[in-house]
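Novice: quick one, fold the following:
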Amino acid sequence: MLESVDVIRRLMAEDMSVLEAALAQGENVILFGASETPPESDRQLGKTIFEETLADLAAKICSDKRIISILERDRELEEVTLITTILDIVLTSVGGVPVLVLTAMIVKYGIRRLCPRPAQ
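Specialist: Below is the predicted model of the structure:
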């Protein structure tokens, strides 16, 4: 799992447009070093996939007891716990998309932005 966390951290360093294209093309494009500017059509498709998938996942993520616990803490978010929790939810909820890229995009998007008020 920690290897996945390291990959997700590397992905989070990428620009969101690169992650959108990777979501559309498959994560191997980015994992194996292709860093040239992705075509606009891939970015748009990836953005659409992300927005639709995020809408579907938001309720699951924001109502997960582990996420609620993370959000209720006053201290700064624990990155490894946050990443592994979101990865677990994505793995069990989504098929057909690169889960590491999607997880990186969700963390980069911001858990407090996605879940402004924890579900009760």
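Novice: how close does the residue nearest to V80 when sequence neighbours are not counted sit to Y109?
Specialist: Sequence neighbours aside, V5 is the residue nearest to V80 in space, at 5.7 Å (criterion: CB to CB, 6 or more residues apart in numbering). (Each C-beta comes from the backbone N, C-alpha and C, glycine too.) Between V5 and Y109 the computed distance is 17 Å (CB to CB, to the nearest Å).
Novice: before we move on, what about T53?
Specialist: Relative to Y109, and taking CB to CB, T53 is found at 11 Å.
Novice: still on that earlier bit, who's in contact with the residue nearest to V80?
Specialist: 80, 83-84, 87 (CB atoms under 8 Å, 6 or more residues apart in numbering).
Novice: contact partners for the residue most central in space within the chain?
Specialist: Using CA atoms, centre = their mean, the residue of the chain that lies closest to the mean C-alpha position is T103, 2.4 Å off. By CB under 8 Å, 6+ apart, T103 lies in contact with 8, 83, 86-87, 90.
Novice: lowest confidence element among the helices and strands of this structure?
Specialist: When the helices and strands of the chain are scored by mean pLDDT, DSSP states H and E, helix 28-31 comes last with a mean of 48.
Novice: helix or strand right after it?
Specialist: For helix 28-31, the following helix or strand on the C-terminal side (DSSP states H and E) is helix 40-63.
Novice: so which bits of that following helix are buried?
Specialist: Residues 42-43, 45-47, 49-50, 53, 57, 60-62 are the ones in helix 40-63 that count as buried (16 or more other CB atoms under 10 Å).
Novice: now tabulate the residues you listed in JSON lines and tack on pLDDT and distance to E72.
Specialist: Formatted as JSON lines, the buried residues of helix 40-63 follow (pLDDT from 0 to 100; distance: CB to CB, whole Å):
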{"residue": "D42", "pLDDT": "86", "distance to E72": "38"}
{"residue": "R43", "pLDDT": "89", "distance to E72": "35"}
{"residue": "L45", "pLDDT": "91", "distance to E72": "36"}
{"residue": "G46", "pLDDT": "91", "distance to E72": "32"}
{"residue": "K47", "pLDDT": "93", "distance to E72": "31"}
{"residue": "I49", "pLDDT": "91", "distance to E72": "31"}
{"residue": "F50", "pLDDT": "95", "distance to E72": "26"}
{"residue": "T53", "pLDDT": "93", "distance to E72": "25"}
{"residue": "L57", "pLDDT": "95", "distance to E72": "20"}
{"residue": "K60", "pLDDT": "95", "distance to E72": "18"}
{"residue": "I61", "pLDDT": "95", "distance to E72": "15"}
{"residue": "C62", "pLDDT": "94", "distance to E72": "12"}
